[in-house]
Structure formats: C-alpha cells, structure tokens
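**Q** Structure of the sequence below:
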Amino acid sequence: MKILIVFIATLLSGCAGLIESASSPNYQEHKARDSVSPRNHKGSRKNKLVGTVVLTFNISSQGDVIDIMVTDSVPKGVFDAEAVRILSKRKYAPSEKGETGPKKAKFEFKI
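**A** Numbering: from 1, shown residues only. The predicted model follows:
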C-alpha cells in the first residue's frame, strides 16, 4: 500500500503544471496561490501517454482565472480539457502593480 501511495504522489507531482513567462513581452509571470491535482486520463497510464498543453488566460482583480484558451497541445485534444479544468480552479494573487494582459501556462502530463 505504501508503494502505491508513493507511486501516486510521484505521478501527480510529475503532472504538475507550471506558469511560464513567454518570450513575448505581452506575457507576465504569476505564481498560483494553490495547486490542483490532475485526474488520470482514460487509458493514459495503460497507454503510457505523455502530452503538453499550452494555455493563455487572464487573471481577474479577485485572482480568478478567466478567458482560458488552448493555444497548443500535443497530442491534440487529449489533455486539453484536464488542463483547462486545473487552471480554472487555481487562484492567483492579483498583480501588485495593477498590470493586466495575457498570461501563459504550460502543463506537462507524464503518466
């Protein structure tokens, strides 16, 4: 049982998304206040699927994620809904300087 718990914890930590600053000056880096665990995609462990989803979004004045759009994903459409679900549940600290503009998130799924 302990091995299973360690395996699951390792699996979930490998699926963690991260906020990346893009090379474009239109994107700003923001750190999430909390973390949301991904769900296993149907058949992903069995088929050893890996994938990446890149999302753009905005942060409201309350720290909520709004205007989420999938800008790239590999394989197309496989992990998109889960990446959007994870990002939509996150909370961010509103910018201290009142900066607005698009943010970018990249989620890597390794199962």
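**Q** Next up, the contacts around T52.
**A** 72-74, 79, 106-109 (Cβ atoms under 8 Å, 6 or more residues apart in numbering). Bear in mind the C-beta positions are built from the backbone N, C-alpha and C, glycine included.
**Q** What distance do you get for it to D64?
**A** Going from T52 to D64 by Cβ to Cβ, to the nearest Å gives 24 Å.
**Q** Over to E82?
**A** Using Cβ to Cβ, E82 is found at 19 Å from D64.
**Q** Looking at those two now, which is surrounded by more residues?
**A** Neighbour tally, E82 and D64, criterion other Cβ atoms under 10 Å: the higher count belongs to E82, 20 against 15.
**Q** Going along the chain, name the helices of this structure.
**A** For the chain, the helices defined by DSSP state H cover 2-14, 44-47, 80-89.
**Q** which other helices and strands contact the last one?
**A** Counting contacts by 3 or more Cβ pairs under 8 Å, 6 or more residues apart in numbering; DSSP states H and E, the secondary-structure elements packed against helix 80-89 are strand 17-19, strand 50-59, strand 65-74, strand 103-110.
**Q** out of those, nearest to Y92?
**A** Nearest of the helices and strands packed on helix 80-89 to Y92, taken as Cβ to Cβ: strand 50-59 at 4.8 Å.
**Q** so who does the closest residue to S73 other than its chain neighbours touch?
**A** Sequence neighbours aside, V53 is the residue nearest to S73 in space, at 4.5 Å (criterion: Cβ to Cβ, 6 or more residues apart in numbering). Residues near V53 by Cβ under 8 Å, 6+ apart: 70, 72-73, 79-80, 82-83, 106-107, 109.
**Q** And the residues you listed, which two are furthest apart?
**A** Within those, two members stand farthest from each other by Cβ to Cβ: D72 and E82, at 15.2 Å.
**Q** low-confidence ranges in the chain?
**A** Residues of the chain meeting the criterion pLDDT under 70: 1-48, 95-100, 111.
**Q** Many thanks, have a good one.
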